[in-house]
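pasted the sequence and its predicted model underneath.
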Amino acid sequence: MAETNFTPRVFSGVKPSGGITLGNYLGAFKRWVSMQDEAYENTYCVVDLHAITVWQDPDALRHATRETTAALLASGIDPARSTLFNQSQVPAHAELGWIFNCVARVGWMNRMTQFKDKAGKNAEKVSLGLYGYPALMAADILVHHATHVPVGEDQKQHVELTRDIAAKFNHDYKVDFFPIAEPVIEGPGTRVMNLRDGSKKMSKSGESDMERINMTDDADLIAKKFKKARTDPEPLPETLEALDGRAEARNLVDIYAGLSDTTPEAVIAEYAGAGWGRFKPALADLAVAKLAPISSEMSRLMDDPGEIDRILAAGAEKAEAVAQPILEKTYDIVGLVRGR
Ligand code: TYM
């Protein structure tokens, strides 16, 4: 299907489960902010219904929803230019999610690596919601007829599944209704790794706080975490290729590049031959310079949760104006009788 039939529209989401990490910021938020200057309609969503696929304490969920919103606002998402809302305030997401539960195949879900990683050996005990999660994610994207989905590398398989669901729906009902959305995975920060183990991604749910940078960490803690970040004894090489096989070193170079809006090649050109005693403090200073203004703006916003709730409510109205007609048209296509 020609994508050009659809308004260029961006949709992306973040789970409010615990704090926001540098991985979220570099892999997603930064790109979302810059997409506001491009020729897209932008919709960004705090996906609270996704968060509850694993247990969330209700008060902690409320707090995380507001704090995640504050992080987006403080990073530069502008509610005047983007639609910013939390998922549960627009029921069309969950409703289209149900339709997609009936489109997606169990075999497709069984191939989702993130489910396998999260469920681990406990697959019998996790919620049904965790298993069906990618169908709800497809609904998030497609209920807005989004054409572009900026995400970190870890979400690529879910966006591909979204394309499969759209194609199967269009094929089964002989329509050209849902766009085949493109993942947008760009820049040096699309796969920020754990600071203690370069083979694992940095995540908000990892065991030790020392393995990640949180958006709310203060300058001392950021410096300490980078100082203690695992590396190897070698200095930084002359070329990027020479970092092959040095996952932790490569990660720190990528983080530096992401934070300074440059490329890993440029970072290597600047720091070739430097030891960690020079590179790590420079990285910590850079991270503090970039993150401190964001975290202080976050805490300012968190002083007025009522204002955050108002922003989310206004965003939900805008989102609903797009999503509800698409849901209703979907119901018609499927053959659901609607007399009111
Ligand atoms: P979530 O909440 O895990 O992450 C939000 C965004 O941050 C990116 N990200 C990373 N990028 C680089 N390195 C990392 N270490 C890292 N950790 C997280 C993620 O790739 C993501 O872009 N299923 C999604 C939320 C979602 C969604 C959607 C996304 C629900 N519906 C529709 C896009 C479109 C998730 O759990 O993201």
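Received it, and whenever you're ready, just let me know what you need.

that's a helix at residue 7, yeah?
No: applying DSSP: H, G, I helix; E, B strand; the rest coil, one finds residue 7 to be coil, outside a helix.

from the stretch 151-300 of the chain, which residue is nearest to the ligand?
residue 152 (2.3 Å; CB to the nearest ligand atom). Heads up, the C-betas are built off the backbone N, CA and C, glycines and all.

residue contacts, the closest residue to that residue other than its chain neighbours?
In space, and not counting its chain neighbours, residue 152 is closest to residue 27: 3.1 Å by CB to CB, 6 or more residues apart in numbering. Taking CB atoms under 8 Å, 6 or more residues apart in numbering, we find residue 27 in contact with 151, 152, 153, 154, 189, 190, 191, 192.

scan those residues and report the most crowded one.
In terms of neighbour count, residue 192 stands highest of the contacts of residue 27 at 26 neighbours, by other CB atoms under 10 Å.

burial count for the nearest residue to that one once chain neighbours are set aside?
Using CB to CB, 6+ apart and skipping the chain neighbours, the partner closest in space to residue 192 is residue 23 (3.9 Å). Residues within reach of residue 23, counting by other CB under 10 Å, total 24.

check contacts around residue 23.
Counting by CB under 8 Å, 6+ apart, residue 23 has contacts 152, 189, 192, 201, 202, 203, 212.

tabulate these (a markdown table), appending secondary structure.
Below are the contacts of residue 23 laid out as a markdown table (three-state DSSP):
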| residue | secondary structure |
| --- | --- |
| 152 | coil |
| 189 | coil |
| 192 | coil |
| 201 | strand |
| 202 | coil |
| 203 | coil |
| 212 | coil |
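
still on that earlier bit, the residue of the stretch 151-300 of the chain closest to the ligand against residue 188, yeah?
No: at 11.6 Å, residue 152 does not count as touching residue 188 under the criterion of CB atoms under 8 Å.

before we move on, the earlier item: out of the contacts of residue 27, who's nearest residue 47?
residue 151 (12.1 Å; CB to CB).

what residues are up against that closest one?
Contacts of residue 151 by CB under 8 Å, 6+ apart are 12, 27, 28, 158, 159, 183, 184, 185.

what's the closest non-adjacent residue to residue 144?
Excluding the flanking residues, the one nearest residue 144 by CB to CB, 6+ apart is residue 11, at 4.8 Å.

and the host helix or strand of that neighbour, is it in reach of the ligand?
Using DSSP states H and E, residue 11 sits in strand 9-14. Yes: with CB under 6 Å from any ligand atom as the measure, strand 9-14 is seen reaching the ligand through 11, 12, 13, 14.

avg pLDDT for that strand?
Averaged across strand 9-14, pLDDT comes to 98.

what packs against that strand?
Judged by 3 or more CB pairs under 8 Å, 6 or more residues apart in numbering; DSSP states H and E, strand 9-14 is in contact with helix 30-35, strand 41-46, helix 128-142, strand 148-150.

between it and helix 128-142, how big is the angle?
Between strand 9-14 and helix 128-142, the angle comes out at 150 degrees (axes from the mean of the first three to the mean of the last three CA atoms, to 10 degrees).

what residues does strand 9-14 touch?
With CB under 8 Å, 6+ apart, strand 9-14 has contacts from 20, 24, 28-29, 32, 35, 40-47, 50, 68, 72, 87, 137, 140-141, 144-151, 181, 184.

please repeat the previous calculation with a cut-off of 6 Å.
32, 35, 40-45, 47, 68, 140-141, 144, 146-150 (CB atoms under 6 Å, 6 or more residues apart in numbering).

now stretch 154-173
100, 103-104, 134, 137-138, 141-142, 149, 177-178, 180-181, 183, 201, 333.

what's residue 311 in contact with, if anything?
residue 79.

does it count as helix, strand or coil?
Relying on three-state DSSP, one would call residue 311 helix.

from residue 83, how far out is it?
In this view, residue 311 and residue 83 are 11 Å apart by CB to CB, to the nearest Å.

got the buried residues for the worst-scoring helix or strand of the chain on mean pLDDT?
Least confident helix or strand, the chain: helix 113-119 with a mean of 90, by mean pLDDT, DSSP states H and E. Within helix 113-119, the residues scored as buried using 16 or more other CB atoms under 10 Å are 115, 118, 119.
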